[in-house]
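In: Return a 3D structure for these sequence lines:
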Amino acid sequence: MGREQWKKIWVGSAGNMVEWFDWFVYASFAVYFADSFFPKGNDTANLMNTMGIFAVGFFMRPVGGWLLGRVGDRQGRKAALTLTVTLMSASAILIAVAPTYAVAGYGGVAVLLVARMLQGLSVGGEYAASATYLTEAAAPGRRGFASSFQYVSMTAGQLLGLGLQIVLQRTMSEEALHSWAWRIPFIIGALGAAIVFYLRRNMLETEVYAQDDSAHSDPARGTVKALWAHKREAFLVIALTMGGTVAYYTYTTYLTKYLSGSAGMAKPTASLVSFCALFVFMCIQPLAGKLSDRIGRRPLLITFAVGSTFLTVPIMTLLQHAGSFWPALGLSLLALLVVTGYTSINACVKAELFPTGIRALGVALPYAIANALFGGTAEYVALWFKKGGMESGYYWYVAGCAAVSLIVYITMRETKTIDLNRVKQAEETHVSSPSGV
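Out: Purely as a prediction, here's the structure:
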């Protein structure tokens, strides 16, 4: 792969790294800045209020998917990617400079709320914009490999956020973290977004989009009406995302809490397990993406779904009794290896389903809806089962979601060989195929 191709991969996926860094540090540093924006007295209530504002970001993601998907299809992939990183930078700056309750009363809460809304819009659009760009910018035989870097960058953002948290906790006093040092991650996030903005301002539009004759002449381009004409593919995106996003959030976002809260593992040990497992997970994404370019997307998706359907209950049960670092790490790695069958290629599979004029919105809106319904609620569902004294019910929930996606993977057509300039023709070819959905 040439230097120009690597540059496209870097520019197309770098925003994900900053995006997920910002997303992670809000959740992880909330315990330090919650008291800054609400009256003193009830720490738990303040944290709940702060996390309530965090939840607003999830509700804004489908809106961001629609808005930025529309921009991507009507104005170009470069325009959408530049807009997402602008929103991202603005949200980080707002949080970094938000006035405390002592200075501005509930004015600081208003600033925080606006920042989270912008961040939700940005996250909702970044996934589809980068997925579309990486898929279209890659050579036909390299799309799986190129798009796998989306999850490489997303995981890198989480690891950087976790690493920064560890550094600040070890170098700053508890008083400093509560007083002012919690703003440091958001300043870093804003600087990172500014760098990505500069890179994206100088990026080239994809040839697939530039060569599309209807780019500026079709008034329905990038609209919900145009997407409805491809409703089968839109519902397919929701269904194939369902199992993958639940499993991903279970073994990434929820894993540390599960190991410490349910398995009784010390928090530093649980954090180390998550860090090491995520690092290995990040490194194997391109290998799986490259494998899909050779053998196809469906074998990897089916492997994920079968593994997640039948191994989730045993893995989660064993994790609950792991007790120490190495058994927990081994089980976590096994789980994430299974999930890699989905994460490494899901971006290109979704992009390969739609024609150029509706590709960005076709990926963005259905994915954002599925992610809000299943991925964003995974932790809440897990805690609901735990609170009801039926924690194992969540294991079956994850397995059930994977089983639904398995049916979709088995019946869907292979997308590896699709010509992105001729998706409509490819669809017509497969209409009568017994493997078509």
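
In: does the nearest residue to residue 271 once chain neighbours are set aside sit in a helix or strand, and which one?
Out: Nearest residue to residue 271, sequence neighbours excluded (CB to CB, 6 or more residues apart in numbering): residue 256, at 5.7 Å. Any C-beta I mention is one placed from the backbone N, CA and C, and that applies to glycine too. Element membership for residue 256, per DSSP states H and E: helix 255-261.

In: What does the pLDDT read for residue 372?
Out: Note on residue 372: pLDDT of 84.

In: My read is that it contacts residue 61, right?
Out: Yes: counting by CB atoms under 8 Å, residue 372 does reach residue 61; the two are 5.6 Å apart.

In: Which residues are in contact with the nearest residue to residue 266 once chain neighbours are set aside?
Out: Among residues not flanking residue 266 along the chain, residue 260 sits closest, at 7.2 Å (CB to CB, 6+ apart). For residue 260, the contact set (CB atoms under 8 Å, 6 or more residues apart in numbering) comprises 266-267, 270.

In: now residue 244
Out: Residue 244 neighbours (CB under 8 Å, 6+ apart): 304, 339, 342-343, 346, 405.

In: related to what we said a few turns ago, and the gap between the residue nearest to residue 266 and residue 53?
Out: 24 Å (CB to CB, to the nearest Å).

In: same question, residue 33
Out: Per CB to CB, residue 33 is found 11 Å from residue 53.

In: Which one's more surrounded, those two?
Out: A count of neighbours by other CB atoms under 10 Å puts residue 33 above the other of residue 33 and residue 53, at 25 against 19.

In: host element of the closest residue to residue 193 other than its chain neighbours?
Out: Nearest residue to residue 193, sequence neighbours excluded (CB to CB, 6+ apart): residue 89, at 3.6 Å. Using DSSP H and E, the element containing residue 89 is helix 77-97.

In: State the next helix or strand along the chain beyond that helix.
Out: For helix 77-97, the following helix or strand on the C-terminal side (DSSP H and E) is helix 101-104.

In: tell me the average confidence for that following helix?
Out: Here the average pLDDT along helix 101-104 is 89.

In: Buried residues, it. List them.
Out: By neighbour count on 16 or more other CB atoms under 10 Å, the buried set for helix 101-104 is residue 101.

In: Pull the residues that contact that helix.
Out: With contact meaning CB under 8 Å, 6+ apart, helix 101-104 is reached by 36-39, 108-109.

In: In PyMOL, select just the buried ones from the residues you listed.
Out: Only the buried entries of these go into this PyMOL selection, using 16+ other CB under 10 Å:
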select buried, resi 36+37+38+108+109
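
In: Take the contacts of helix 101-104 and lay them out in TSV including distance to residue 328.
Out: Formatted as TSV, the contacts of helix 101-104 follow (distance: CB to CB, whole Å):
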residue	distance to residue 328
36	34
37	35
38	36
39	40
108	39
109	38
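
In: Narrow the contacts of helix 101-104 to those in helices?
Out: Mapping the contacts of helix 101-104 onto helices (DSSP state H) picks out 36-37, 108-109.

In: Which stretches in the stretch 101-250 of the chain count as helices?
Out: Taking DSSP state H, counting those that start in this stretch as the test, the helices found in the stretch 101-250 of the chain are 101-104, 107-137, 143-147, 149-171, 174-179, 184-201, 207-210, 224-228, 231-251.

In: what helices or strands is the longest one leaning on?
Out: It stands for helix 107-137. helix 3-37, helix 43-74, helix 77-97, helix 143-147, helix 149-171, helix 207-210, helix 346-351, helix 359-370 (3 or more CB pairs under 8 Å, 6 or more residues apart in numbering; DSSP states H and E).
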